[in-house]
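> prediction below, plus the sequence it came from.
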Amino acid sequence: MSGTLEIQPADGKLGILTPGMGAVSSTFMAGVEAIRAGLSLPIGSLTQMGHIRLGKRTEGRQPLVKNFVPLAGLDDVVFGGWDIFPDSVYDAARSAGVLPDAMLEQLREPLSAIRPMTAVFDQYYVKKLHGDHVKTGLSKMEQAEALMDDMETFKRENGCDRLVMIWCGSTEIFLERSEVHESLEAFEKGLREDHEGIAPSMIYAYAAIKSGVPYANGAPNLSADFPALEELSRQTGAPICGKDFKTGQTLMKTILAPGFKARLLGMNGWFSTNILGNRDGEVLDDPESFKTKEESKLGVLGNILQPELYPDLYGDLYHKVRINYYPPRGDNKEGWDNIDIFGWCGMPMQIKVDFLCRDSILAAPIVLDLALFLDLARRANLGGIQEWLSFYFKSPVVPAGLYPEHDLFIQQKKLKNTLRWMMGEELITHLGREYYDE
Ligand SMILES: NC(=O)c1ccc[n+]([C@@H]2O[C@H](COP(=O)([O-])OP(=O)(O)OC[C@H]3O[C@@H](n4cnc5c(N)ncnc54)[C@H](O)[C@@H]3O)[C@@H](O)[C@H]2O)c1
(Lines give C-alpha, C1' and ligand atoms only; values in the text may rest on other atoms or scores of the structure.)
Protein backbone atom coordinates (compact mmCIF):
# COMPACT_ATOMS: atom_id res chain seq x y z
CA MET A 1 0.00 0.00 0.00
CA SER A 2 2.35 2.75 1.15
CA GLY A 3 6.04 2.23 0.65
CA THR A 4 6.34 5.97 0.23
CA LEU A 5 5.98 6.84 3.89
CA GLU A 6 9.12 8.60 4.98
CA ILE A 7 10.18 7.73 8.51
CA GLN A 8 12.92 9.74 10.14
CA PRO A 9 15.56 7.55 11.80
CA ALA A 10 15.45 7.04 15.58
CA ASP A 11 18.79 8.78 16.12
CA GLY A 12 19.69 10.36 19.46
CA LYS A 13 17.89 10.14 22.77
CA LEU A 14 14.18 9.81 23.48
CA GLY A 15 12.85 11.34 26.73
CA ILE A 16 9.83 9.50 28.16
CA LEU A 17 7.93 11.78 30.53
CA THR A 18 5.13 10.57 32.79
CA PRO A 19 2.83 12.90 34.69
CA GLY A 20 2.31 10.67 37.75
CA MET A 21 5.26 8.66 39.04
CA GLY A 22 3.51 6.08 41.19
CA ALA A 23 3.17 2.30 40.88
CA VAL A 24 2.82 1.99 37.08
CA SER A 25 5.41 4.58 36.17
CA SER A 26 8.04 3.41 38.68
CA THR A 27 7.51 -0.25 37.70
CA PHE A 28 7.95 0.69 34.06
CA MET A 29 11.15 2.66 34.69
CA ALA A 30 12.59 0.08 37.08
CA GLY A 31 11.83 -2.68 34.57
CA VAL A 32 13.64 -0.92 31.75
CA GLU A 33 16.63 -0.30 34.04
CA ALA A 34 16.57 -4.01 34.99
CA ILE A 35 16.55 -4.99 31.31
CA ARG A 36 19.43 -2.61 30.59
CA ALA A 37 21.35 -4.12 33.49
CA GLY A 38 20.73 -7.64 32.15
CA LEU A 39 18.61 -8.59 35.18
CA SER A 40 15.37 -9.16 33.31
CA LEU A 41 13.69 -9.68 29.95
CA PRO A 42 11.07 -7.30 28.46
CA ILE A 43 8.24 -9.78 29.00
CA GLY A 44 4.85 -8.51 27.86
CA SER A 45 6.30 -5.99 25.41
CA LEU A 46 5.30 -6.39 21.78
CA THR A 47 7.96 -3.95 20.60
CA GLN A 48 10.75 -5.91 22.30
CA MET A 49 9.71 -9.57 22.18
CA GLY A 50 7.05 -9.73 19.45
CA HIS A 51 7.60 -11.03 15.92
CA ILE A 52 5.70 -9.98 12.83
CA ARG A 53 4.98 -12.18 9.84
CA LEU A 54 5.74 -10.64 6.46
CA GLY A 55 4.65 -11.83 3.04
CA LYS A 56 3.35 -15.33 2.42
CA ARG A 57 3.64 -18.08 5.06
CA THR A 58 5.91 -19.98 2.67
CA GLU A 59 8.47 -17.15 2.78
CA GLY A 60 9.27 -17.73 6.44
CA ARG A 61 9.88 -14.03 7.15
CA GLN A 62 9.11 -13.38 10.84
CA PRO A 63 11.42 -10.62 12.10
CA LEU A 64 11.22 -9.12 15.56
CA VAL A 65 9.04 -6.00 15.53
CA LYS A 66 11.99 -3.92 16.81
CA ASN A 67 14.09 -5.09 13.85
CA PHE A 68 11.33 -4.38 11.35
CA VAL A 69 10.32 -0.81 12.24
CA PRO A 70 12.85 1.83 13.30
CA LEU A 71 12.23 2.18 17.04
CA ALA A 72 14.31 3.94 19.69
CA GLY A 73 16.54 1.42 21.45
CA LEU A 74 16.24 0.87 25.20
CA ASP A 75 19.73 2.27 25.72
CA ASP A 76 18.59 5.53 24.14
CA VAL A 77 15.66 6.32 26.42
CA VAL A 78 15.76 8.75 29.34
CA PHE A 79 13.05 9.01 32.01
CA GLY A 80 11.41 11.97 33.67
CA GLY A 81 8.05 13.21 34.87
CA TRP A 82 5.98 15.05 37.44
CA ASP A 83 4.34 14.06 40.72
CA ILE A 84 2.64 15.79 43.63
CA PHE A 85 5.04 13.92 45.94
CA PRO A 86 8.80 14.59 45.72
CA ASP A 87 9.89 10.92 46.05
CA SER A 88 12.49 9.63 43.62
CA VAL A 89 11.51 6.71 41.41
CA TYR A 90 13.49 4.44 43.72
CA ASP A 91 11.39 5.56 46.71
CA ALA A 92 8.15 5.43 44.73
CA ALA A 93 8.94 1.88 43.59
CA ARG A 94 9.78 0.86 47.17
CA SER A 95 6.50 2.21 48.51
CA ALA A 96 4.48 0.77 45.61
CA GLY A 97 5.82 -2.65 46.61
CA VAL A 98 5.39 -4.13 43.14
CA LEU A 99 8.95 -5.33 42.52
CA PRO A 100 11.03 -7.15 45.14
CA ASP A 101 13.26 -4.95 47.33
CA ALA A 102 16.30 -7.04 46.40
CA MET A 103 15.82 -6.24 42.74
CA LEU A 104 15.24 -2.54 43.42
CA GLU A 105 18.38 -2.45 45.56
CA GLN A 106 20.44 -3.40 42.50
CA LEU A 107 18.85 -0.51 40.58
CA ARG A 108 19.09 2.01 43.40
CA GLU A 109 21.54 4.33 41.65
CA PRO A 110 19.73 4.99 38.35
CA LEU A 111 16.29 5.03 40.01
CA SER A 112 17.29 7.42 42.80
CA ALA A 113 18.49 9.87 40.15
CA ILE A 114 15.01 10.18 38.59
CA ARG A 115 13.12 12.83 40.54
CA PRO A 116 9.73 14.28 39.68
CA MET A 117 9.27 17.88 38.61
CA THR A 118 6.60 19.88 40.49
CA ALA A 119 3.12 18.91 39.37
CA VAL A 120 0.10 20.74 38.06
CA PHE A 121 -2.55 19.54 40.47
CA ASP A 122 -5.88 20.49 41.98
CA GLN A 123 -7.51 18.36 44.64
CA TYR A 124 -10.93 19.19 43.27
CA TYR A 125 -10.21 16.63 40.52
CA VAL A 126 -8.74 13.83 42.71
CA LYS A 127 -10.42 14.03 46.09
CA LYS A 128 -8.37 11.43 47.93
CA LEU A 129 -4.90 12.88 47.30
CA HIS A 130 -2.96 15.55 49.20
CA GLY A 131 0.52 16.52 48.07
CA ASP A 132 2.51 19.73 48.07
CA HIS A 133 5.10 19.14 45.36
CA VAL A 134 2.95 21.33 43.09
CA LYS A 135 3.08 24.55 41.11
CA THR A 136 1.16 27.32 42.87
CA GLY A 137 -0.34 30.70 42.10
CA LEU A 138 -0.67 30.21 38.34
CA SER A 139 -3.66 30.36 36.00
CA LYS A 140 -4.36 27.19 34.01
CA MET A 141 -2.75 28.73 30.92
CA GLU A 142 0.33 29.68 32.98
CA GLN A 143 0.45 26.12 34.31
CA ALA A 144 0.49 24.81 30.74
CA GLU A 145 3.31 27.23 29.89
CA ALA A 146 5.25 26.12 32.96
CA LEU A 147 4.92 22.49 31.83
CA MET A 148 6.19 23.43 28.37
CA ASP A 149 9.18 25.11 30.03
CA ASP A 150 9.75 21.95 32.11
CA MET A 151 9.82 19.88 28.93
CA GLU A 152 12.29 22.19 27.22
CA THR A 153 14.56 22.22 30.27
CA PHE A 154 14.38 18.43 30.58
CA LYS A 155 15.19 18.00 26.90
CA ARG A 156 18.18 20.31 27.11
CA GLU A 157 19.59 18.98 30.37
CA ASN A 158 19.28 15.35 29.29
CA GLY A 159 20.47 15.82 25.72
CA CYS A 160 17.20 14.47 24.27
CA ASP A 161 16.31 14.77 20.62
CA ARG A 162 12.66 13.88 21.06
CA LEU A 163 10.07 13.53 23.85
CA VAL A 164 6.89 11.57 24.44
CA MET A 165 4.43 11.99 27.32
CA ILE A 166 2.35 9.18 28.86
CA TRP A 167 -0.20 10.07 31.56
CA CYS A 168 0.36 7.69 34.49
CA GLY A 169 -1.33 9.96 37.03
CA SER A 170 -4.33 9.14 39.21
CA THR A 171 -7.83 8.82 37.82
CA GLU A 172 -9.60 12.16 37.97
CA ILE A 173 -13.30 12.71 38.68
CA PHE A 174 -15.82 12.08 35.94
CA LEU A 175 -16.18 15.10 33.67
CA GLU A 176 -18.59 15.32 30.74
CA ARG A 177 -17.45 16.93 27.54
CA SER A 178 -18.83 20.46 27.38
CA GLU A 179 -18.52 23.58 25.25
CA VAL A 180 -15.04 24.37 26.53
CA HIS A 181 -13.80 21.11 24.95
CA GLU A 182 -15.44 21.59 21.59
CA SER A 183 -12.89 23.84 19.86
CA LEU A 184 -9.31 24.87 20.38
CA GLU A 185 -10.36 28.49 20.64
CA ALA A 186 -12.86 27.71 23.44
CA PHE A 187 -10.32 25.54 25.23
CA GLU A 188 -7.55 28.16 25.17
CA LYS A 189 -10.02 30.77 26.41
CA GLY A 190 -10.97 28.31 29.17
CA LEU A 191 -7.31 27.90 30.12
CA ARG A 192 -6.90 31.65 30.45
CA GLU A 193 -10.11 31.92 32.51
CA ASP A 194 -9.45 28.88 34.75
CA HIS A 195 -12.52 27.04 33.50
CA GLU A 196 -13.67 24.28 35.88
CA GLY A 197 -14.13 21.83 32.99
CA ILE A 198 -10.35 21.77 32.46
CA ALA A 199 -8.69 19.16 34.69
CA PRO A 200 -4.91 18.91 35.28
CA SER A 201 -4.55 15.91 32.92
CA MET A 202 -5.92 18.14 30.13
CA ILE A 203 -3.33 20.81 30.94
CA TYR A 204 -0.51 18.26 30.59
CA ALA A 205 -2.06 16.97 27.36
CA TYR A 206 -2.33 20.50 25.99
CA ALA A 207 1.27 21.30 26.92
CA ALA A 208 2.55 18.16 25.19
CA ILE A 209 0.46 18.45 22.04
CA LYS A 210 1.10 22.18 21.70
CA SER A 211 4.84 21.40 21.80
CA GLY A 212 4.39 18.69 19.12
CA VAL A 213 5.10 15.98 21.69
CA PRO A 214 3.09 12.72 21.34
CA TYR A 215 0.64 12.10 24.18
CA ALA A 216 -0.99 8.91 25.49
CA ASN A 217 -3.49 8.73 28.31
CA GLY A 218 -3.19 5.67 30.54
CA ALA A 219 -6.13 6.60 32.78
CA PRO A 220 -9.83 6.82 31.94
CA ASN A 221 -10.15 10.63 32.38
CA LEU A 222 -11.05 12.64 29.30
CA SER A 223 -7.59 14.25 29.18
CA ALA A 224 -7.12 14.59 25.39
CA ASP A 225 -10.28 12.85 24.23
CA PHE A 226 -12.21 15.80 22.83
CA PRO A 227 -12.32 17.90 19.66
CA ALA A 228 -10.20 20.83 20.92
CA LEU A 229 -7.09 18.76 21.57
CA GLU A 230 -7.67 16.58 18.55
CA GLU A 231 -7.70 19.76 16.46
CA LEU A 232 -4.45 20.86 18.10
CA SER A 233 -2.86 17.45 17.49
CA ARG A 234 -3.61 17.67 13.79
CA GLN A 235 -2.19 21.20 13.71
CA THR A 236 1.08 20.36 15.44
CA GLY A 237 1.40 16.80 14.08
CA ALA A 238 1.53 15.29 17.57
CA PRO A 239 0.19 11.71 17.63
CA ILE A 240 -2.32 11.07 20.44
CA CYS A 241 -4.04 8.01 21.89
CA GLY A 242 -5.86 6.69 24.97
CA LYS A 243 -7.62 5.89 27.22
CA ASP A 244 -6.98 3.63 30.21
CA PHE A 245 -4.34 0.92 29.93
CA LYS A 246 -5.93 -2.44 29.16
CA THR A 247 -4.74 -4.68 31.98
CA GLY A 248 -6.29 -7.14 34.46
CA GLN A 249 -9.96 -7.87 34.26
CA THR A 250 -10.70 -5.90 31.12
CA LEU A 251 -7.82 -7.58 29.31
CA MET A 252 -9.38 -10.94 30.22
CA LYS A 253 -12.78 -9.72 29.03
CA THR A 254 -11.47 -8.71 25.63
CA ILE A 255 -9.68 -12.04 25.31
CA LEU A 256 -12.66 -14.22 26.36
CA ALA A 257 -15.67 -12.39 24.94
CA PRO A 258 -14.52 -12.55 21.28
CA GLY A 259 -14.17 -16.33 21.72
CA PHE A 260 -17.76 -16.79 22.99
CA LYS A 261 -19.02 -14.56 20.21
CA ALA A 262 -17.02 -16.44 17.56
CA ARG A 263 -18.79 -19.66 18.65
CA LEU A 264 -22.20 -17.94 18.86
CA LEU A 265 -22.62 -18.79 22.53
CA GLY A 266 -25.22 -16.64 24.26
CA MET A 267 -24.56 -14.62 27.39
CA ASN A 268 -26.96 -13.13 29.90
CA GLY A 269 -24.68 -12.06 32.72
CA TRP A 270 -21.13 -10.98 33.44
CA PHE A 271 -20.35 -9.94 36.98
CA SER A 272 -16.87 -8.65 37.75
CA THR A 273 -15.61 -7.68 41.15
CA ASN A 274 -12.13 -7.13 42.46
CA ILE A 275 -10.10 -6.12 45.46
CA LEU A 276 -6.98 -4.02 45.32
CA GLY A 277 -5.06 -2.06 47.89
CA ASN A 278 -2.68 0.31 46.13
CA ARG A 279 -3.01 4.09 45.88
CA ASP A 280 -4.97 3.69 42.65
CA GLY A 281 -7.46 1.55 44.61
CA GLU A 282 -7.72 4.26 47.25
CA VAL A 283 -8.36 6.95 44.63
CA LEU A 284 -11.00 4.73 43.02
CA ASP A 285 -12.70 4.37 46.39
CA ASP A 286 -14.01 7.87 45.77
CA PRO A 287 -17.31 7.48 43.87
CA GLU A 288 -16.49 10.31 41.46
CA SER A 289 -13.19 8.75 40.37
CA PHE A 290 -14.81 5.31 40.26
CA LYS A 291 -17.50 6.58 37.93
CA THR A 292 -14.79 7.54 35.40
CA LYS A 293 -13.33 4.04 35.67
CA GLU A 294 -16.70 2.33 35.56
CA GLU A 295 -17.67 4.05 32.31
CA SER A 296 -14.37 2.88 30.83
CA LYS A 297 -14.81 -0.73 31.93
CA LEU A 298 -18.48 -1.09 30.98
CA GLY A 299 -18.17 -0.06 27.33
CA VAL A 300 -16.17 -3.11 26.33
CA LEU A 301 -18.71 -5.95 26.17
CA GLY A 302 -21.43 -4.14 24.23
CA ASN A 303 -19.00 -3.34 21.48
CA ILE A 304 -17.58 -6.85 21.20
CA LEU A 305 -20.88 -8.72 21.43
CA GLN A 306 -22.98 -6.40 19.23
CA PRO A 307 -26.39 -7.06 20.86
CA GLU A 308 -28.07 -5.03 18.13
CA LEU A 309 -27.00 -7.67 15.58
CA TYR A 310 -27.44 -10.63 17.93
CA PRO A 311 -30.46 -9.80 20.12
CA ASP A 312 -31.21 -13.48 20.87
CA LEU A 313 -27.70 -14.06 22.18
CA TYR A 314 -26.73 -10.80 23.86
CA GLY A 315 -29.86 -8.62 23.96
CA ASP A 316 -30.47 -9.35 27.63
CA LEU A 317 -26.97 -9.11 29.07
CA TYR A 318 -26.52 -7.83 32.62
CA HIS A 319 -23.00 -6.44 33.03
CA LYS A 320 -21.79 -5.26 36.43
CA VAL A 321 -18.33 -4.09 37.55
CA ARG A 322 -17.24 -3.46 41.15
CA ILE A 323 -13.90 -2.26 42.52
CA ASN A 324 -13.22 -2.60 46.24
CA TYR A 325 -10.34 -0.91 48.04
CA TYR A 326 -8.71 -3.51 50.28
CA PRO A 327 -5.29 -2.38 51.57
CA PRO A 328 -3.81 -5.78 52.59
CA ARG A 329 -3.42 -6.79 48.93
CA GLY A 330 -1.43 -3.75 47.83
CA ASP A 331 -0.82 -3.81 44.06
CA ASN A 332 -1.65 -7.52 43.86
CA LYS A 333 -5.23 -7.35 42.79
CA GLU A 334 -7.61 -10.28 42.80
CA GLY A 335 -10.37 -10.13 40.25
CA TRP A 336 -13.35 -12.51 40.11
CA ASP A 337 -15.57 -12.89 37.09
CA ASN A 338 -18.75 -14.88 36.95
CA ILE A 339 -19.95 -15.36 33.39
CA ASP A 340 -23.40 -16.79 32.67
CA ILE A 341 -23.51 -18.18 29.17
CA PHE A 342 -25.98 -20.43 27.32
CA GLY A 343 -25.68 -22.85 24.44
CA TRP A 344 -27.61 -25.30 22.25
CA CYS A 345 -31.30 -25.51 23.28
CA GLY A 346 -30.69 -22.53 25.58
CA MET A 347 -28.95 -24.66 28.22
CA PRO A 348 -27.15 -22.47 30.80
CA MET A 349 -23.47 -22.80 31.72
CA GLN A 350 -21.21 -20.81 34.05
CA ILE A 351 -17.59 -19.82 33.86
CA LYS A 352 -15.64 -18.52 36.87
CA VAL A 353 -12.38 -16.69 36.47
CA ASP A 354 -10.19 -15.87 39.45
CA PHE A 355 -7.28 -13.77 38.27
CA LEU A 356 -4.60 -13.08 40.86
CA CYS A 357 -3.02 -10.39 38.83
CA ARG A 358 -0.34 -7.79 39.30
CA ASP A 359 -1.70 -4.64 37.79
CA SER A 360 1.46 -2.64 37.36
CA ILE A 361 3.32 -5.67 36.00
CA LEU A 362 0.74 -5.83 33.22
CA ALA A 363 0.74 -2.06 32.68
CA ALA A 364 4.51 -1.43 32.54
CA PRO A 365 5.20 -3.02 29.12
CA ILE A 366 2.23 -1.10 27.74
CA VAL A 367 3.88 2.18 28.76
CA LEU A 368 7.08 1.11 27.01
CA ASP A 369 5.35 0.02 23.79
CA LEU A 370 3.23 3.17 23.66
CA ALA A 371 6.25 5.41 24.14
CA LEU A 372 8.20 3.70 21.36
CA PHE A 373 5.28 3.41 18.93
CA LEU A 374 4.17 7.01 19.48
CA ASP A 375 7.71 8.17 18.83
CA LEU A 376 7.68 6.08 15.63
CA ALA A 377 4.37 7.66 14.60
CA ARG A 378 5.84 11.12 15.18
CA ARG A 379 8.86 10.35 13.01
CA ALA A 380 6.51 8.94 10.36
CA ASN A 381 4.59 12.22 10.41
CA LEU A 382 1.32 10.65 11.57
CA GLY A 383 -0.42 13.32 13.66
CA GLY A 384 -3.82 13.06 15.40
CA ILE A 385 -5.54 9.98 16.85
CA GLN A 386 -3.60 6.72 16.49
CA GLU A 387 -6.39 4.16 16.35
CA TRP A 388 -3.93 1.37 15.61
CA LEU A 389 -2.78 1.63 19.23
CA SER A 390 -6.29 0.69 20.52
CA PHE A 391 -4.72 -2.68 21.38
CA TYR A 392 -3.38 -1.12 24.57
CA PHE A 393 -6.53 0.59 25.88
CA LYS A 394 -9.77 -0.18 27.68
CA SER A 395 -11.58 2.72 25.99
CA PRO A 396 -9.84 3.41 22.71
CA VAL A 397 -10.12 6.96 21.44
CA VAL A 398 -11.52 7.11 17.90
CA PRO A 399 -12.24 9.91 15.45
CA ALA A 400 -15.78 11.37 15.65
CA GLY A 401 -18.45 9.15 14.10
CA LEU A 402 -16.56 5.86 14.53
CA TYR A 403 -17.10 3.25 17.22
CA PRO A 404 -14.07 1.88 19.09
CA GLU A 405 -12.84 -1.63 18.39
CA HIS A 406 -12.44 -3.64 21.61
CA ASP A 407 -11.72 -7.16 20.36
CA LEU A 408 -8.07 -7.76 21.27
CA PHE A 409 -7.47 -9.90 18.19
CA ILE A 410 -8.89 -7.38 15.74
CA GLN A 411 -6.84 -4.71 17.53
CA GLN A 412 -3.70 -6.80 17.17
CA LYS A 413 -4.34 -7.33 13.45
CA LYS A 414 -4.86 -3.61 12.98
CA LEU A 415 -1.65 -2.78 14.83
CA LYS A 416 0.48 -5.23 12.86
CA ASN A 417 -1.07 -4.28 9.53
CA THR A 418 -0.33 -0.63 10.31
CA LEU A 419 3.33 -1.52 10.86
CA ARG A 420 3.35 -3.45 7.55
CA TRP A 421 1.71 -0.49 5.81
CA MET A 422 4.26 1.94 7.29
CA MET A 423 7.10 -0.16 5.91
CA GLY A 424 5.52 -0.76 2.49
CA GLU A 425 4.87 -4.47 3.11
CA GLU A 426 1.80 -6.32 1.89
CA LEU A 427 -1.10 -6.33 4.40
CA ILE A 428 -2.02 -9.74 5.73
CA THR A 429 -5.68 -10.72 5.50
CA HIS A 430 -5.34 -14.43 6.35
CA LEU A 431 -7.41 -15.09 3.24
CA GLY A 432 -5.75 -18.47 2.75
CA ARG A 433 -5.45 -18.29 -1.02
CA GLU A 434 -1.72 -17.98 -1.16
CA TYR A 435 -1.13 -21.43 -2.72
CA TYR A 436 -3.50 -20.57 -5.56
CA ASP A 437 -1.91 -17.18 -6.11
CA GLU A 438 1.57 -18.50 -6.64
N1 LIG B 1 -2.09 -0.43 37.12
C2 LIG B 1 -2.86 -0.70 36.09
O3 LIG B 1 -2.91 -1.81 35.64
C4 LIG B 1 -3.65 0.36 35.45
C5 LIG B 1 -4.47 0.00 34.41
C6 LIG B 1 -5.23 0.97 33.78
C7 LIG B 1 -5.12 2.27 34.16
N8 LIG B 1 -4.32 2.62 35.20
C9 LIG B 1 -4.30 4.00 35.59
O10 LIG B 1 -2.98 4.46 35.59
C11 LIG B 1 -2.87 5.49 36.56
C12 LIG B 1 -1.68 5.21 37.46
O13 LIG B 1 -1.90 4.03 38.20
P14 LIG B 1 -0.94 3.68 39.43
O15 LIG B 1 -1.31 2.34 39.90
O16 LIG B 1 0.46 4.01 39.07
O17 LIG B 1 -1.47 4.74 40.51
P18 LIG B 1 -0.60 5.44 41.67
O19 LIG B 1 -1.62 6.03 42.58
O20 LIG B 1 0.40 4.51 42.24
O21 LIG B 1 0.20 6.57 40.89
C22 LIG B 1 -0.40 7.71 40.41
C23 LIG B 1 0.49 8.87 40.73
O24 LIG B 1 -0.02 10.02 40.09
C25 LIG B 1 0.25 11.12 40.94
N26 LIG B 1 -0.60 12.22 40.49
C27 LIG B 1 -1.93 12.39 40.64
N28 LIG B 1 -2.33 13.53 40.05
C29 LIG B 1 -1.22 14.08 39.50
C30 LIG B 1 -0.98 15.27 38.76
N31 LIG B 1 -1.98 16.10 38.47
N32 LIG B 1 0.27 15.51 38.34
C33 LIG B 1 1.29 14.66 38.64
N34 LIG B 1 1.13 13.54 39.36
C35 LIG B 1 -0.11 13.25 39.78
C36 LIG B 1 -0.02 10.58 42.31
O37 LIG B 1 0.60 11.35 43.29
C38 LIG B 1 0.57 9.18 42.21
O39 LIG B 1 1.92 9.14 42.62
C40 LIG B 1 -4.20 5.54 37.32
O41 LIG B 1 -5.02 6.54 36.78
C42 LIG B 1 -4.80 4.20 37.01
O43 LIG B 1 -6.21 4.21 37.06
C44 LIG B 1 -3.57 1.69 35.86
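Cool, the structure landed. Numbering: from 1, shown residues only.

> surely residue 377 is in a helix?
Yes: using DSSP: H, G, I helix; E, B strand; the rest coil, the assignment for residue 377 is a helix.

> where does this protein have its least confident helix or strand?
helix 434-437 (a mean of 48; mean pLDDT, DSSP states H and E).

> how about the residues of the stretch 151-300 of the chain by the ligand?
Contacts of the stretch 151-300 of the chain with the ligand, taken as Cβ under 6 Å from any ligand atom, map to 168-171, 200, 218-219, 244-245, 247-248, 278-280. (Each C-beta comes from the backbone N, C-alpha and C, glycine too.)

> run the last query once more with 5 Å
Neighbours of the ligand within the stretch 151-300 of the chain, by Cβ under 5 Å from any ligand atom: 168, 169, 170, 171, 200, 218, 219, 245, 247, 279, 280.

> ok, the last one touching residue 170?
Yes: here residue 280 reaches residue 170: they are 6.9 Å apart, a contact under Cβ atoms under 8 Å.

> residues shared between the contacts of those two?
Residues touching both residue 280 and residue 170 (Cβ atoms under 8 Å, 6 or more residues apart in numbering) are residue 22.

> tell me the SS of residue 296?
Going by three-state DSSP: residue 296 is helix.

> what sits closest to it if chain neighbours are left out?
Using Cβ to Cβ, 6 or more residues apart in numbering and skipping the chain neighbours, the partner closest in space to residue 296 is residue 220 (3.7 Å).

> rebuild the residues of the stretch 151-300 of the chain next to the ligand as a markdown table, extending it with pLDDT, secondary structure and neighbour count.
Converted to a markdown table, those look like this (pLDDT from 0 to 100; DSSP: H, G, I helix; E, B strand; the rest coil; neighbours: other Cβ atoms under 10 Å):
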| residue | pLDDT | secondary structure | neighbour count |
| --- | --- | --- | --- |
| 168 | 98 | coil | 29 |
| 169 | 97 | coil | 32 |
| 170 | 95 | coil | 25 |
| 171 | 92 | coil | 24 |
| 200 | 98 | helix | 27 |
| 218 | 98 | coil | 31 |
| 219 | 96 | coil | 27 |
| 245 | 97 | strand | 28 |
| 247 | 93 | coil | 24 |
| 279 | 79 | helix | 20 |
| 280 | 78 | helix | 26 |
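
> just the closest of those to residue 32, please.
residue 168 (13.7 Å; Cβ to Cβ).

> show me the contacts for the closest one.
18, 19, 20, 21, 22, 24, 25, 28, 81, 218, 219, 367.

> burial of the residue of the chain found nearest the ligand, as a residue count?
As assessed by Cβ to the nearest ligand atom, the ligand sits closest to residue 22 within the chain, at 1.9 Å. Residues within reach of residue 22, counting by other Cβ atoms under 10 Å, total 25.

> likewise residue 360?
Count around residue 360 with other Cβ under 10 Å applied: 30.

> does it touch residue 330 like I think?
No: counting by Cβ under 8 Å, residue 360 stays clear of residue 330, with 10.1 Å between them.

> what touches both of those two?
Common contacts of residue 360 and residue 330, defined by Cβ under 8 Å, 6+ apart, comprise residue 278.

> helix, strand, or coil at residue 161?
Three-state assignment for residue 161 (three-state DSSP): strand.

> so who does it touch?
Counting by Cβ under 8 Å, 6+ apart, residue 161 has contacts 11, 12, 13, 14.

> for PyMOL, what selects the buried ones among these?
Burial among the contacts of residue 161 is assessed by 16 or more other Cβ atoms under 10 Å; the matching PyMOL selection reads:
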select buried, resi 13+14
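
> which of the contacts of residue 161 come close to the ligand?
Okay, of these, nothing touches the ligand (Cβ under 5 Å from any ligand atom).
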